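Undergrad: Pasting the sequence and the predicted model now:
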Amino acid sequence: MNLERHKEQYRLKRKENSAFLKRLKKTNPQKLDAIIHPVHEAVFACTDCLKCANCCKTTSPTFTTRDITRISKRLGMAPKQMEERHLRRDTDEDFVLKSTPCPFLGDDNYCNIYDVRPKACQQFPHTDRRRQHQLLHLTEKNLEVCPAVFEIVDKLKQRLTLHKVNKY
Ligand code: SF4
Ligand code: SF4
């Protein structure tokens, strides 16, 4: 996983990708999940997140109260103690990490609290969730962080262009 190359590619294709996602937003919402989900599956079948961990290194998930209860139990500390040690409130008043990389990320890129990790981590990068139509803004945001999302969008561009060509 070449994160430097991804950064450069992200920068070069930022406008093109943004315009594409705006066009995709006009696709029938009912059909969008069936278009995006297979591409997500195909890309993640060939993606080794342990060679990347860019999401854990550069961004913070939000932590719900349930997440905090579950994780603090695993850490053997009170929820309040976990909040004080690791978390802060963001502008939306959500709990997020005080700093990145995530303190639960190991040197080997494994998550040290994997089985109790926040729901936001379980769902990242959200390209296999239902109602993709409502999540395209997140996909656009995650293009910068996640090389897999970048590839998903690249494949969608190829696929939808081909589809259009084949229609004529
Ligand atoms: S940024 Fe994307 S590809 Fe990298 S570890 Fe996270 S989910 Fe996997
Ligand atoms: S909790 Fe685990 S999966 Fe979530 S950001 Fe931290 S290291 Fe990554």
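TA: Sure thing, it's come through. Residues are numbered from 1 along each chain as shown. Ligands and ions are numbered 1, 2, ... in the order given.
Undergrad: tell me what the strand or helix carrying Glu83 is packed against?
TA: Taking DSSP states H and E as the definition, Glu83 sits inside helix 79-86. Counting contacts by 3 or more Cβ pairs under 8 Å, 6 or more residues apart in numbering; DSSP states H and E, helix 79-86 packs against helix 65-75. The C-beta positions use only the backbone N, C-alpha and C, and glycine is treated the same way.
Undergrad: helix or strand right after the helix holding Glu83?
TA: strand 87-89.
Undergrad: Please tell me how far that next one is from the chain's geometric centre.
TA: 20 Å (Cα atoms, centre = their mean, to the nearest Å).
Undergrad: Name the residues that touch it?
TA: For strand 87-89, contacts defined as Cβ atoms under 8 Å, 6 or more residues apart in numbering pick out Phe63, Ile68, Phe95, Val96, Leu97, Lys98.
Undergrad: Provide a list of residues in contact with the residue most central in space within the chain.
TA: Residue closest to the average C-alpha location in the chain (Cα atoms, centre = their mean): Pro125, at 2.4 Å. Each residue near Pro125 by Cβ under 8 Å, 6+ apart is listed here: Cys55, Leu138, Thr139, Asn142, Val145, Cys146, Ala148, Val149.
Undergrad: among those, which are in reach of ligand 1?
TA: Filtering these for proximity to ligand 1 (criterion: Cβ under 6 Å from any ligand atom) leaves Cys55, Val145, Cys146, Ala148.
Undergrad: Are there helices or strands packed against the helix or strand of the chain with the lowest mean pLDDT, and which ones?
TA: Across the helices and strands of the chain, mean pLDDT, DSSP states H and E gives its lowest value to helix 147-167, namely a mean of 83. In terms of contacts (3+ Cβ pairs under 8 Å, 6+ apart), helix 147-167 is packed against helix 3-24, helix 29-45, helix 136-142.
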